[in-house]
Every structure is written in C-alpha cells, then in structure tokens.
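> Show me how the following folds:
(one chain, ligands or ions: 1)
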Amino acid sequence: MNFTSLLDHVTHRHESMLCVGLDPEPAKFPVGMKGDERRIFEFCARIVDATKDLVCAFKPQIAYFAAHRAEDQLEQLMAYIRRVAPDVPIILDAKRGDIGATAEQYAREAFVRYQSDAVTLSPYMGFDSIEPYLKYDGKGLILLCRTSNPGGSDLQFQTLASGEKLYEEVARLAAGPWNASGRLGLVVGATFPEELKRVRELAPTLPLLIPGVGAQGGDAAATVAAAWRPDAPIIVNSSRAVLYASQGEDYALAARQVAQATREQLARARFAPAT
Ligand SMILES: O=C(O)c1cc(=O)[nH]c(=O)n1[C@@H]1O[C@H](COP(=O)(O)O)[C@@H](O)[C@H]1O
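Below you'll find the model as predicted:
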C-alpha cells in the first residue's frame, strides 16, 4: 500500500494523529541499559510495542542510529515495525538534499535499504534534487517548509521578490507545480501555529508532518486548530517526551501513557469549538 493510503487508513483505525519519533539516545536510556549502544534496537522495539496501537506513524531519525554506528539496528527496527505494525507507515527522518546523482543514492538508502514509506527532504536545492525519490512508486516525500526551531526564521522568513516569504513559496510549489505525483507533504513546526495556518491555506490537502509538541513546547490544541481538515492528514510528532517519560524500568509503560495522553489531547482539539 502507498504512503498516503497507509496514513489515511491508520489515522482512522487508530483515531490518531500522533507520530512517535524514534530518536534513541543511549545516554538517556533507563537504568540497566544506560549508555549501551548495542541496545538501541531493543529500546526502540519496546517503545514500538507499547505505542503501536496509538499512532498514525513512526518516525526514526537516522542520525541517532548513524552516530552510534547502529545502522544495522535501524534496519532491524524497520523490519520489526513492518512485522508487528504492518499498517503503520514509517517516515525515515533524514532531511536529505543533494544533486540528482547523489540524491539517487539517498533515495535508494531510504526506500531500498531501510524500506521506509516516506522520507523527509530539504527542498532548498530545487526540484531536480527531489525528483530521484519520485521514481519509487507510492513513497511519500515530506519537504521542510517552516521548521520548528527558532533559527528556521533566518532563511524561511526571508521575503522574496514576489512579496512572499520563502516558506510560503515552498508550500505553494509543493501544493502545485512540484506535486504532479500527489506524493508530497510538508514539515511545519507546531511551535509556529500562525505559519501552520498559512501553510494549510496554501496547501489545503497536503499531509503535514508537525514536530514540536512535547519537548519543544508546541501546543497540541493550537496545532489541530490551525492544520486539521477532514480531508487533509496531519502527523503530529513527539519524540523525547514519549521516549524518556521515565528513566526507570517502567519506561515503555510511561511512554504509552504519554502517547495516550497526547493522542487524546489531539483528538479532543478536533472537536473543540473554534476560539
Ligand atoms: O523533520 C523533522 O522531523 C523535524 C523538523 C523540524 O522542523 N523540527 C524537528 O524537531 N524535527 C524532528 O522532530 C523530532 C522532534 O523531537 P522532540 O522535540 O524530541 O519531540 C526530532 O527528530 C527532530 O529532528
């Protein structure tokens, strides 16, 4: 099944807009596993077991594996998620962006080596830098638009000759001329609800990956009010707040409780009266 259909099905089946981000940092692992790079797979697998019925996606961040020479554990994890949660799409967070020939290798890495359903990409090298990923049928390409970090404003808020800001132009391109495939999505931070609203106007039906709730302080209710539409998926990511909810042996249960609470917060916001 392609990324869009998987996302649509699981969002409805699990009644969830929550994506759990898999950003394993051994220094933050619970007692007994702390600092042990060989247990990255095991840590993430327990989080997956504890949350797989609550999420609309999982998003492993590749740097957290590569930095520990643990790419083999990422491969193992991708296969594991596929086996225990076959209906949950996996977004590989890699934020790649390079010339076409190199992008072909990155696309192969994301879709052949890791078998992800979607990948995050930086669009700033232009359309020919994302084109190689489109050769893989059904896969989703999620482009950085208005990122969650404060420094995102340095470039993304620059005003172009057209009078629009750079992030608005990215949204417009992704919703229009770049999206003949219908497989593009956008990243917009939960930390910027006004811009989220603007991106939703410019890209009314695109899937939006929205990181920034939890550890970065983004507001779940404001996120849903700005971006949720019945025909437009939103994927609201939380990583650290879920993964490190407890540093005790109960970490998987604690992760489940935080995931459950965040999922419910998002769901409640859908039905809250507009303010
Ligand atoms: O593409 C992303 O996922 C991403 C984009 C962005 O603008 N901000 C952002 O935080 N992310 C990622 O989302 C995750 C956020 O993690 P927490 O802040 O721990 O919830 C990290 O894996 C980031 O790399």
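> what does the stretch 1-150 of the chain have sitting close to the ligand?
Gly21, Asp23, Gln61, Asp93, Lys95, Thr120, Thr147, Ser148 (CB under 6 Å from any ligand atom). Where you see a C-beta, it was placed from the backbone N, CA and C, and this is true even at glycine.
> Of these, which pair is most distant in space?
Spanning the widest gap among those are Asp23 and Thr147, at 15.7 Å by CB to CB.
> any low-confidence regions in the stretch 51-200 of the chain?
Along the stretch 51-200 of the chain, the model assigns pLDDT under 70 to no residue.
> Quick check: the residue of it nearest the ligand.
Thr147 (3.1 Å; CB to the nearest ligand atom).
> Can you tell me the closest non-neighbouring residue to that residue?
Closest residue to Thr147 apart from its sequence neighbours, by CB to CB, 6 or more residues apart in numbering: Gly189 at 5.6 Å.
> Also Phe192?
Arg146 (5.6 Å).
> residues contacting the one you found?
Gly152, Gln156, Tyr167, Val187, Val188, Gly189, Phe192, Glu195, Leu196, Val199 (CB atoms under 8 Å, 6 or more residues apart in numbering).
> these two touch, right, Met33 and Phe41?
No. Using CB atoms under 8 Å, Met33 makes no contact with Phe41, being 11.3 Å away.
> Which residue is most remote from the mean position of the protein?
Using CA atoms, centre = their mean, the residue of the chain lying farthest from its centre is Ala161. It sits 31.0 Å away.
> quick one: buried residues of stretch 239-254?
By neighbour count on 16 or more other CB atoms under 10 Å, the buried set for stretch 239-254 is Ser239, Ala241, Val242, Leu243, Tyr244, Ala245, Tyr251, Ala252, Ala254.
> And Ser238, how close does it get to the ligand?
According to CB to the nearest ligand atom, to the nearest Å, Ser238 and the ligand sit 5 Å apart.
> Let me see the backbone angles for the nearest residue to that residue once chain neighbours are set aside.
With sequence-adjacent residues excluded and distances taken as CB to CB, 6+ apart, Ser238 is closest to Gly214, at 3.8 Å. Main-chain torsions, Gly214, degrees, to the nearest 10: phi 90, psi -120.
> In contact with Gly214, which residues?
Gly214 neighbours (CB under 8 Å, 6+ apart): Ser238, Ser239, Arg240, Ala241, Val242, Val258, Thr262.
> any idea which of the residues you listed is the one closest to Glu75?
Among the contacts of Gly214, and counting by CB to CB, the member closest to Glu75 is Ser239, at 20.0 Å.
> Hmm, that closest one is touching Gly212, no?
No. Using CB under 8 Å, Ser239 is not in contact with Gly212; the gap is 10.2 Å.
> so what pLDDT did Ala274 get?
Here the pLDDT value assigned to Ala274 is 53.
> Start the count at 240 instead of 1 going forward.
Taking 240 as the first residue, the last one we looked at is Ala513.
> May I ask which helix or strand encompasses Asp247?
Here Asp247, judged by DSSP states H and E, is contained in helix 242-252.
> what sits up against that helix?
240, 255-256, 294-296, 326-328, 356-357, 377-379, 421-422, 446, 472, 474.
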